Structures are given as structure tokens and as C-alpha cells.
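Trainee: 3D, please:
(one chain, ligands or ions: 4)
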Amino acid sequence: MAYEKELQVAQLAVARAAILTKAVFHEKAKGTVSKDDKSPVTIGDFGAQALIIAAIKHNFPSDEVVGEEEASSLREQKDLSSTIWNLVKDVKLDDPESDALLGGPIRSEAEMLDIIDMGNSAGGNKGRIWALDPIDGTKGFLRGGQYAVCLALIVDGDVKVGVLGCPNLPIDDREPLTEDMGAAASDAEGKGVLFSAVLGQGATSQPLTRRGASTDSTGVRPIHVSKISDVSEAVMCESVEPGHSSKGDNALIAEKLGITRKPVQMDSQAKYGSVARGAGDLYLRLPVRKDYIEKIWDHAAGDLIVREAGGQVTDVAGNRLNFGLGRTLTENKGVIAAPANVHAQVLKAVQEVLNSK
Ligand SMILES: Nc1ncnc2c1ncn2[C@@H]1O[C@H](COP(=O)(O)O)[C@@H](O)[C@H]1OP(=O)(O)O
Ligand SMILES: [Mg+2]
Ligand SMILES: [Mg+2]
Ligand SMILES: [Mg+2]
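Mentor: Residues are numbered from 1 along each chain as shown. Ligands and ions are numbered 1, 2, ... in the order given. Alright, predicted model coming up:
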């Protein structure tokens, strides 16, 4: 099968990075610093980026990576850098065979910083480029909500492989979303799911932990978007952060579609995963600020996983997301993810609301 090795490496790399993010999730001090754009980054984000890029470069040395984080602030803050190194150097998968496939441990703190900076590809529509968000939903991660470790392989501008590790979502695909899902999340028993897709091969879910090359049963299940026919019964997913997408527009769209259930708010691409397995029906992300351009690492894996599960993903104009234009989605505004049979109806309602403003 095409992209078999890429999928295996991506799944194991995300699972290994999630061991680190889960450890940081339970710590009070998460080593948070503020980036130039005022958004937070933690020791978990840096550590996960190092582990995942190391695994990619070990297996596919000439591939490029568009990663969210960079190491410049760490080179100036020795304490922070050594805290991250102390976490990174000890992380390994249960299964030695799988660990070896990822190239084993990173050798030194200096090498770790250089690896983090290998996420500096400019992106584009030529060649093999991985899009990496080591922790998507950092604000949720800090708040104790949902977050996701996100990795996708883009070849000549087209997403071919997508993997989302969601440590705080239920393993069970059938568990309904609850209104407080995004608020007090945990990674206790029964939590932690890994969503995956390869273009043309469908989408799956499986438990995020206790997996590896020698595990007999990895519990891989095919997933599908919901079979909703009456859109008024839809469960809508949206961001927690009011600055990331317009809740006011979502409320007007819901009203137009006759949706009466309150939207489920959760951070990160966990929303794409939830729609892909039919736990939620719709994911709407309408811009708040006209000047914000979405980043490819915030959407590449989720876009493929939803489409391979039978959904459709477009921007507010009805165009597919274009991942071949660099590090950002310069041609797209907003995101609408929905089962294919209701997407047109939802898009129409979105456009009516936006045009009436
Ligand atoms: N103004 C904005 N509009 C839309 N998305 C944003 C905005 N500011 C930050 N983001 C990004 O939204 C993502 C989280 O989305 P959600 O709220 O749905 O979980 C984060 O990756 C975050 O980027 P960053 O990682 O730089 O904070
Ligand atoms: Mg993100
Ligand atoms: Mg991030
Ligand atoms: Mg961030």
C-alpha cells in the first residue's frame, strides 16, 4: 500500500511525542513563554517538535518540515532549554522495535535545538513536506482542555497522510460529545485516541497508547462521519477561544439551519477528529479578524482525516483548502467541515450569514 512506511513512522512519532505532552500536561509548571504574536508555547510544544522531527529525519532525511515552533528563544534561555532536554532525552515507546524505527534517542541538547529548527521549511507545492503542530490548542493544553499532536505529509501540495493524537478524547468512537468536553478534560483510563488517514485509503482510529510494532492487537477501526440527514439535529463543534473563530456567526448559522443544540466547544484539531468519527457533525471556523491567515499545520491532518471519513472540508467560499502555497493558507478564509451530504446546505447558510453582515 502507498505511504505505508510514512503512516507507520507518523503514528509512532506522534504516539512517542504524546508521552512527553502527557507528562507536561500533568505538571503545574509547563514552562510557558509568550511568542512574538503573544500566543503561548510550552516545554511540551518544543519537546514534541524535537521528537517528531528527529523521527522524520531519521527515516526520510531529504523530506522538509513546516513546524510551528523554532528554537531561537531557547538558545537565549538556557534553563528552559535544559528543562526540555531533561524531558526529551528519556522519552521512549514501550516497544524497543518501534523505538528503533524512530532512530532512538536524540544525542544531545545542542542536537535537540538544531532539530527543532529543522521545522523551518517555507512549504510550497513541490516535493515532500511534513506539516507539524507539536501541540495544537496550546491554550487548551494550559487550561486543562483538549489538545492534539498533529502531523501530515504533503506531496506536491496535496495531503497524502494525516495523523492526529488526541490524548484527552475518549478512545471509544461512539461516546457522545458533551458540552463540557473542552473544559475539564483528562487523559485518565479510556482516554487517548490516534486518528489517521492515507489519501484514498480511508480513515481510522485506535488507542493512542499501548501500541507498537510487536503489539498483537492495535485496535484499529475504520471511522466515518455521521449519517445525519436532517441538519437541524447536528452537533456543531467550535473553538473555545473567542478570538479564534466567530461564535456569533456560528449562532446565526445554527439558527438558520434550525439547530437547537448548544455547540460543543473544544480546542485544537480534536474538532476534526470528532467530526471524522461522527461524534460531532459539523466544525465551523469563521474568521473573527479579517487579517488572520490560518497556518497549514492547524488543518492539514484534520482536513484529510475528515475527507477520508466521508466528509467535505472547504473554506467559506466553498473552495478546498490549498496546502501548497507556503506555511499559511493564503487563499482560504474560514473552514467548514461537514458530512458530504449536508456540506452544501451548511455552506449556503454560512454564506447567507456572512453576506448579510
Ligand atoms: N486570530 C486567530 N484566528 C484563528 N486561529 C487562531 C488565531 N490566533 C491563533 N489561532 C490558532 O488557532 C489554533 C487553535 O484553534 P482552536 O482555538 O480552535 O483550538 C492555534 O493553532 C492558534 O494558533 P497558535 O498556535 O499560534 O496559538
Ligand atoms: Mg495549532
Ligand atoms: Mg501548536
Ligand atoms: Mg501555538
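Trainee: for the stretch 101-250 of the chain, what spans make up the strands?
Mentor: 128-136, 148-155, 158-170, 191-198, 203-207, 221-222, 236-238 (DSSP state E, counting those that start in this stretch).
Trainee: Using neighbour counts, pick out the buried residues of the first one.
Mentor: Think strand 128-136. Residues of strand 128-136 classed as buried by neighbour count (16 or more other Cβ atoms under 10 Å): 128-136. To be clear about C-beta, it is placed using only N, CA and C from the backbone, and glycine gets the same treatment.
Trainee: list the contacts for Leu74?
Mentor: Residues near Leu74 by Cβ atoms under 8 Å, 6 or more residues apart in numbering: 46, 80-81, 84, 113, 116.
Trainee: likewise Ile116?
Mentor: Contacts of Ile116 by Cβ under 8 Å, 6+ apart are 46, 49-50, 53, 67, 69-71, 74.
Trainee: ranking these by neighbours, who comes first?
Mentor: Ala50 (33 neighbours; other Cβ atoms under 10 Å).
Trainee: Please, which helix or strand holds that residue?
Mentor: helix 43-59 (DSSP states H and E).
Trainee: Next, count neighbours for Ala188.
Mentor: By the criterion of other Cβ under 10 Å, Ala188 has 8 neighbours.
Trainee: That one and ligand 3, how far apart?
Mentor: Look at Ala188 and ligand 3: by Cβ to the ion, to the nearest Å, they are 23 Å apart.
Trainee: so what's that residue scoring on pLDDT?
Mentor: pLDDT recorded at Ala188 is 89.
Trainee: cool, Ala131 as well?
Mentor: 99.
Trainee: That one is in contact with Ile154, isn't it?
Mentor: Yes. Contact criterion Cβ atoms under 8 Å: Ala131 and Ile154 qualify, at 6.0 Å.
Trainee: which neighbours do those two share?
Mentor: Residues touching both Ala131 and Ile154 (Cβ under 8 Å, 6+ apart) are 123, 296, 300, 323.
Trainee: can you count the residues close to the nearest residue to the third one once chain neighbours are set aside?
Mentor: Going back to what we said before, that points to Ala300. Once flanking residues are discounted, Ala300 sits nearest to Ala152: 3.5 Å by Cβ to Cβ, 6 or more residues apart in numbering. Residues lying near Ala152 (other Cβ under 10 Å) number 28.
Trainee: Glu233 now?
Mentor: So Glu233, with other Cβ under 10 Å, has 14 neighbours.
Trainee: repeat for the one 10 residues further on
Mentor: Counted with other Cβ under 10 Å, residues neighbouring Gly243 total 10.
Trainee: Now name the helix or strand holding Ser82.
Mentor: helix 78-88.
Trainee: That helix vs helix 43-59, what angle?
Mentor: Counting by axes from the mean of the first three to the mean of the last three Cα atoms, to 10 degrees, helix 78-88 lies at 60 degrees to helix 43-59.
Trainee: what's the distance between helix 78-88 and the middle of its chain?
Mentor: Centroid displacement of helix 78-88 relative to its chain, using Cα atoms, centre = their mean, to the nearest Å, is 24 Å.
Trainee: what residue ranges in this structure score low on pLDDT?
Mentor: Across the chain, the ranges flagged by pLDDT under 70 are 210-218.
Trainee: and the buried residues of strand 128-136 as CSV, adding distance to ligand 1?
Mentor: Below are those laid out as CSV (distance: Cβ to the nearest ligand atom, whole Å):
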residue, distance to ligand 1
Arg128, 23
Ile129, 18
Trp130, 17
Ala131, 12
Leu132, 12
Asp133, 6
Pro134, 10
Ile135, 8
Asp136, 5
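Trainee: quick check, nearest of those to Arg221?
Mentor: The closest of the buried residues of strand 128-136 to Arg221 turns out to be Asp136 (Cβ to Cβ; 22.7 Å).
Trainee: who touches Lys30 in this structure?
Mentor: With contact taken as Cβ under 8 Å, 6+ apart, Lys30 is in contact with 24, 42-44, 141-142.
Trainee: So what's the residue count around Ile228?
Mentor: 17.
Trainee: ok, it touching Val342?
Mentor: Yes. Here Ile228 lies in contact with Val342, judged by Cβ under 8 Å, at a distance of 6.1 Å.
Trainee: is the residue nearest to the spatial centre of the chain in a bridge, and if so with what?
Mentor: Nearest residue to the geometric centre of the chain (Cα atoms, centre = their mean): Cys150, 3.6 Å. For Cys150, the beta-bridge partners are Asp133, Leu164 (DSSP bridges).
Trainee: gap between it and ligand 2?
Mentor: When Cβ to the ion is applied, the distance between Cys150 and ligand 2 equals 7 Å.
Trainee: so that residue makes contact with Leu132?
Mentor: Yes. Using Cβ under 8 Å, Cys150 makes contact with Leu132 at a distance of 7.1 Å.
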